[in-house]
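Asks: Provided below for reference: sequence and predicted model.
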Amino acid sequence: MDDVLGYQGKAVVVTGAASGMGQATTQILVDLGATVTALDIKPTTVPVARALQIDLRDRASIEEVTASIDGPVDGLFSCAGLPGPPFSEWDTILVNFVGARHLAESLVPKMPEGSAISVISSSAAIGWQDHIKVITGLLETKGFDAAVEWLTANEKKWSWSGYAYSKYIIDAWVGWWYPELGRRGIRINCINPGPTETAMMPAFQDLMGKDTVDQAIGPVGRYSTPEEQAWPLVCLGSPRFSYVGGEVLWTDGGWNGAMTMGRHQAQWAQDTERIMSEKR
């Protein structure tokens with residue numbers, strides 16, 4: 001079957017298109033025959049139909065860019081993200097969620113029935129369900145400025161890690177927003193990648209320590225490549241996945257499953273240490 005994923009001639013938008021998973025996603029979509037509008041604060045090297053500079057921390061920048069994008073938009077791939085330090089917690093949560101949401105909401109009126117929004121979250125979102133009560137207050141806000149007001153009023157609840165909390169929010173957001181989008185025939189899903197060899201990885205390792213990051217490697221036994229994350233994201237956005245909506249796909253090399261079943265090596269080490277401590 002030619003054009004198996006159905007992207008030939010489709011118009012799509014990719015944020016974070018200059019590097020990492022966003023760049024890999026952009027290249028795959030170009031190769032599949034999509035007409036790609038690439039958005040990033042930096043230039044992309046992928047030969048796209050159109051490249052625009054955007055700052056997801058800035059409402060005016062988002063609105064200027066979205067106003068310049070003509071419809072229809074058959075797919076939005078939200079790949080832009082910051083890792084936290086060396087960036088501020090504010091910048092991180094603005095880029096990872098507030099700006100990403102405002103961009104998506106601004107493009108939805110240009111998205112026809114059958115289109116899709118695909119978002120990159122993180123395996124750092126594990127346990128997001130424990131935060132639903134608080135996160136719902138943010139998800140109920142309308143627009144960029146209202147989200148900033150909520151974050152300002154509730155800063156103590158999230159500022160311990162703008163990165164981790166933004167990923168909690170994204171996982172919750174896809175389930176929160178899909179019932180509304182579904183009535184318009186638009187899907188939204190996200191992936192939760194495990195450690196991936198991108199330009200952000202050194203920042204994660206400096207912040208958390210390489211040993212800590214390595215504990216999030218699944219039974220697959222290695223970091224993923226950007227392309228290994230981009231392909232599942234592209235598949236989720238395909239019209240062939242028309243019955244998949246509001247879902248979180250763990251693209252983590254089996255880490256979440258192993259942790260859930262108590263069969264991850266890091267968890268075994270913790271359990272062994274606990275047992276030995278009890279015997280002392």
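Replies: On my side now, so go ahead.
Asks: mind listing the helices for the protein?
Replies: Counting by DSSP state H, the chain has helices at residues 20-31, 59-67, 89-93, 100-107, 132-139, 143-153, 155-158, 162-182, 201-208, 210-214, 226-237, 255-260, 265-279.
Asks: Mean pLDDT and mean neighbour count for these - can I get that in TSV?
Replies: Backbone N, C-alpha and C define where each C-beta goes, glycine included. Shown next, in TSV, are the helices of the chain (pLDDT from 0 to 100; neighbours: other Cβ atoms under 10 Å):
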stretch	mean pLDDT	mean neighbour count
helix 20-31	97	24
helix 59-67	98	17
helix 89-93	96	21
helix 100-107	98	22
helix 132-139	96	15
helix 143-153	97	16
helix 155-158	94	14
helix 162-182	97	21
helix 201-208	75	16
helix 210-214	79	13
helix 226-237	98	22
helix 255-260	91	18
helix 265-279	51	11
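Asks: how about TSV for those helices, with distance to residue 47 added?
Replies: Listed next are the helices of the chain as TSV, based on distance: least, Cβ to Cβ, whole Å:
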stretch	distance to residue 47
helix 20-31	7
helix 59-67	20
helix 89-93	30
helix 100-107	23
helix 132-139	37
helix 143-153	32
helix 155-158	39
helix 162-182	29
helix 201-208	26
helix 210-214	33
helix 226-237	16
helix 255-260	35
helix 265-279	42
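Asks: Indicate which one of these is closest to residue 220.
Replies: helix 255-260 (8.4 Å; Cβ to Cβ).
Asks: could I have the closest one exported to PDB, CA atoms only?
Replies: In PDB, the C-alpha atoms belonging to helix 255-260 read as follows (Å, rounded to 0.1, in the frame of the first residue of the first chain):
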ATOM      1  CA  TRP A 255      10.300   1.200  31.800                       C
ATOM      2  CA  ASN A 256       6.800   2.000  33.000                       C
ATOM      3  CA  GLY A 257       5.600  -1.600  32.600                       C
ATOM      4  CA  ALA A 258       8.600  -3.000  34.400                       C
ATOM      5  CA  MET A 259       8.200  -0.500  37.300                       C
ATOM      6  CA  THR A 260       4.500  -1.200  37.600                       C
END
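Asks: was I right about residue 7 contacting residue 238?
Replies: Yes - contact criterion Cβ atoms under 8 Å: residue 7 and residue 238 qualify, at 6.9 Å.
Asks: Looking at these two, which has the bigger crowd around it?
Replies: Taking neighbours as other Cβ atoms under 10 Å, residue 7 and residue 238 compare with residue 7 leading, 25 against 18.
Asks: And the more buried one, its phi and psi?
Replies: phi -100, psi -10 (degrees, to the nearest 10).
Asks: show me what contacts it?
Replies: 29, 32-34, 75, 234, 238 (Cβ atoms under 8 Å, 6 or more residues apart in numbering).
Asks: closest to residue 264 among those?
Replies: residue 234 (27.9 Å).
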